[in-house]
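Asks: got a predicted structure here, sequence first:
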Amino acid sequence: MTILSLHGVTKKFGGLTAVNDVTFSVERGSIHGLIGPNGAGKTTLFSLITGFYRPTAGRVELDGKDVTSLSTSLRARNGLVRTFQGTVLFPEQTVEQNIGNGLLAKASSSWVDWIVESNAYAKSRRDEVERLLVFSRLTDLKHSAARDLSHGQQRVLGIAIALAARPRVLLLDEPFTGMTASEKDRLVEMLREIRKSGTTVVLVEHDMRTVMRLCDVITVLNFGRVLTEGTPEHVRRHPEVMSAYLGTTA
Ligand SMILES: Nc1ncnc2c1ncn2[C@@H]1O[C@H](COP(=O)(O)OP(=O)(O)OP(=O)(O)O)[C@@H](O)[C@H]1O
Ligand SMILES: [Mg+2]
């Protein structure tokens, strides 16, 4: 069943069409890869899905509901949560505090909770932070400032912050960049666990080995358009995909 779909989505920046008439659907509970050469429009597409940009044309649907005109925060409350290419954290705050910040965007929390802040609610917040620390294997670092973490650990923390918002669809922009081989293996494991828990993942990633072993379906973008879509095997065998990466397909 489809959870997220794009219908003829186009984004122009002046004379440049960064995303051009893109249509595709993401299956609930899948890991859906979005790949393509530099400048293909992947990050712009994330910004269109999550509401940082409004499309020039087309629409975005979440669970069959048109969300194209909703704000970023409303989309987050509806379960569309992204991480950014490059790390975005509060560097001076501890790991624990950073994850706590993520809870603010939680889809199910109401503003009343934050004003009243009952003991039970504060405890459930602490439990949630603990759960995410364990899941992301950052418990031993919970009192460390985010800036003191390794690059790979900071990226995992970014994902833990996003998970605190309880996404239905988690959009990750190049989460594996700069990770060591063992950090990559651990993140692959984490993403499989996230999928198992029922959360849908949309993954932009340049690391092909990781994309191929992790994704159920892959959409390939080139010059803002969908070049092809299918299983990792289909994409691997598609002759134009390789030439797009080598810069020979217009
Ligand atoms: N805010 C903007 N204003 C003008 N042009 C932009 C803007 N954002 C992106 N672009 C252009 O749109 C195109 C798509 O960029 P985008 O960042 O979406 O690519 P990408 O697929 O994420 O690339 P990469 O793999 O390098 O991250 C590029 O030509 C880029 O220069
Ligand atoms: Mg990008």
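Replies: Good, I have the coordinates. Ligands and ions are numbered 1, 2, ... in the order given.

Asks: show me what contacts the closest residue to residue 231 other than its chain neighbours?
Replies: In this structure, residue 231 finds its nearest non-sequential neighbour in residue 217, 6.6 Å apart by CB to CB, 6 or more residues apart in numbering. The way it works is simple: take the backbone N, C-alpha and C, and place the C-beta from them, glycine included. Shown in contact with residue 217 (CB atoms under 8 Å, 6 or more residues apart in numbering): 26, 27, 30, 32, 33, 229, 230, 231.

Asks: what's the answer for residue 194, then?
Replies: Going by CB under 8 Å, 6+ apart, residue 194 touches 163, 170, 201.

Asks: what's the closest non-adjacent residue to residue 195?
Replies: residue 31 (5.4 Å).

Asks: doesn't residue 193 make contact with the one you found?
Replies: No - taking contacts as CB atoms under 8 Å, residue 31 lies outside contact range of residue 193: 11.3 Å.

Asks: quick one: which of those two has more around it?
Replies: Higher neighbour count among residue 31 and residue 193: residue 31, with 24 against 11, using other CB atoms under 10 Å.

Asks: show me what contacts the residue nearest to residue 195?
Replies: Contacts of residue 31 (CB under 8 Å, 6+ apart): 191, 192, 195, 200, 201, 203, 214, 215, 216.

Asks: ok, 6 Å please
Replies: 195, 201, 214, 215, 216 (CB atoms under 6 Å, 6 or more residues apart in numbering).

Asks: that one bridge partners, please.
Replies: Beta-bridge pairing for residue 31 (DSSP bridges): residue 201.

Asks: how is this protein partitioned into domains?
Replies: Taking automatic domain parsing as the domain assignment, the ranges for the chain are 1-79+167-250, 91-166.

Asks: closest one to ligand 1 among those?
Replies: Ligand 1 sits nearest to domain 1-79+167-250 of all these, at 3.2 Å, using CB to the nearest ligand atom.

Asks: and that closest one, is it in reach of ligand 2?
Replies: Yes - interface with ligand 2: domain 1-79+167-250 contributes 42, 43 (CB under 5 Å from the ion).

Asks: quick one: is that domain near ligand 1?
Replies: Yes - for domain 1-79+167-250, a contact with ligand 1 is found by CB under 6 Å from any ligand atom, at 13, 16, 18, 36, 38, 39, 40, 41, 42, 43, 44.

Asks: where does the nearest residue to the fourth one once chain neighbours are set aside land in three-state SS?
Replies: To tie it back to what came earlier, the one meant is residue 36. Excluding the flanking residues, the one nearest residue 36 by CB to CB, 6+ apart is residue 221, at 3.6 Å. Three-state assignment for residue 221 (DSSP: H, G, I helix; E, B strand; the rest coil): strand.

Asks: quick check: what element follows the worst-scoring helix or strand of the chain on mean pLDDT along the chain?
Replies: Ranked by mean pLDDT, DSSP states H and E, the weakest helix or strand in the chain is helix 111-116, scoring a mean of 58. Note on helix 111-116: by DSSP states H and E, the next helix or strand toward the C-terminus is helix 119-135.

Asks: figure out how far that next one is from the centre of its chain.
Replies: Distance, stretch centre to chain centre, for helix 119-135: 22 Å (CA atoms, centre = their mean, to the nearest Å).

Asks: tabulate the contacts of residue 194 (a markdown table), appending neighbour count.
Replies: Formatted as a markdown table, the contacts of residue 194 follow (neighbours: other CB atoms under 10 Å):
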| residue | neighbour count |
| --- | --- |
| 163 | 23 |
| 170 | 25 |
| 201 | 24 |
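
Asks: quick one on the thing from earlier: pLDDT at the residue nearest to residue 195, what is it?
Replies: pLDDT, residue 31: 98.

Asks: and residue 123, by the same measure?
Replies: Residue 123 carries a pLDDT value of 78.

Asks: tell me the contacts of it?
Replies: Listed by CB under 6 Å, 6+ apart, the contact set of residue 123 is empty.

Asks: distance-wise, check it relative to ligand 2.
Replies: To ligand 2, residue 123 is 39 Å away according to CB to the ion, to the nearest Å.
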